[in-house]
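K.L.:
Quick one, fold the following:
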Amino acid sequence: MPHLTMRSAGCVAILLACATAGAEQRANISELSWTDKQYMASQIQKVDELVRGEFGGQLHESTSDLDLLQRIVNRGVVEKADVQTQQALGMALGNVIAKETGMKWYAYKDSSGRNRALCVAETEHCLFPVTMLSRRMSVGLYPDVNKLYSESMEMLAPHLAKSPYDAD
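P.N.:
Predicted coordinates:
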């Protein structure tokens, strides 16, 4: 019997060590690689060409882009199975958020994998706009781009640097 007790204690110790290691593992946030930057630029260019071809407009990395993205979603311009283009739309949404907040794109790696994320400087407060639209569109939903933008801005507000001219 003592042999079984030692074995059980050993298993519990291993499980605790694994649980502790998992709990302590933090996300690794690093600068985007050259490849990341080139890929993202090509994806934004794809969305800009889509906007030009469908609506005769162009992306400006401003809140006016939100209406263009919504028109693309509403008209079903991007196929349900075209996740890559859906993610490109998310990058365009992310560029608007970045421009409005001063957040920057980073590579975010955790136990779930590596993603591109918008992060508040010198924090682990990050947003994942690349998949904000694609996760919804790939299952046949028509997300409200302005609502996603507003909810993101509201969620981020406590973590963003305040201007000395902001009224409290």
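K.L.:
So which residues of the protein form strands?
P.N.:
For the chain, the strands defined by DSSP state E occupy 28-30, 104-110, 113-119, 126-127.
K.L.:
Need phi/psi at the spatially most central residue of the chain.
P.N.:
When the chain is reduced to its mean C-alpha position, the closest residue under Cα atoms, centre = their mean turns out to be residue 128, at 1.2 Å. The phi/psi pair for residue 128 (degrees, to the nearest 10) reads phi -120, psi 70.
K.L.:
related to what we said a few turns ago, winner for burial among the strands of the chain?
P.N.:
By mean neighbour count, with neighbours taken as mean count of other Cβ atoms under 10 Å, strand 126-127 ranks first of these at a mean of 21. (Each C-beta comes from the backbone N, C-alpha and C, glycine too.)
K.L.:
which other residues reach that strand?
P.N.:
Strand 126-127 is touched from outside by 27, 29, 94, 97, 103, 106, 108, 117-120, 152, 155-156, with contacts defined as Cβ atoms under 8 Å, 6 or more residues apart in numbering.
K.L.:
now these as CSV including pLDDT and distance to residue 56?
P.N.:
As requested, these are exported to CSV (pLDDT from 0 to 100; distance: Cβ to Cβ, whole Å):
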residue, pLDDT, distance to residue 56
27, 85, 41
29, 93, 39
94, 98, 24
97, 97, 25
103, 95, 30
106, 97, 34
108, 94, 36
117, 96, 32
118, 96, 29
119, 94, 34
120, 92, 36
152, 94, 28
155, 92, 34
156, 90, 32
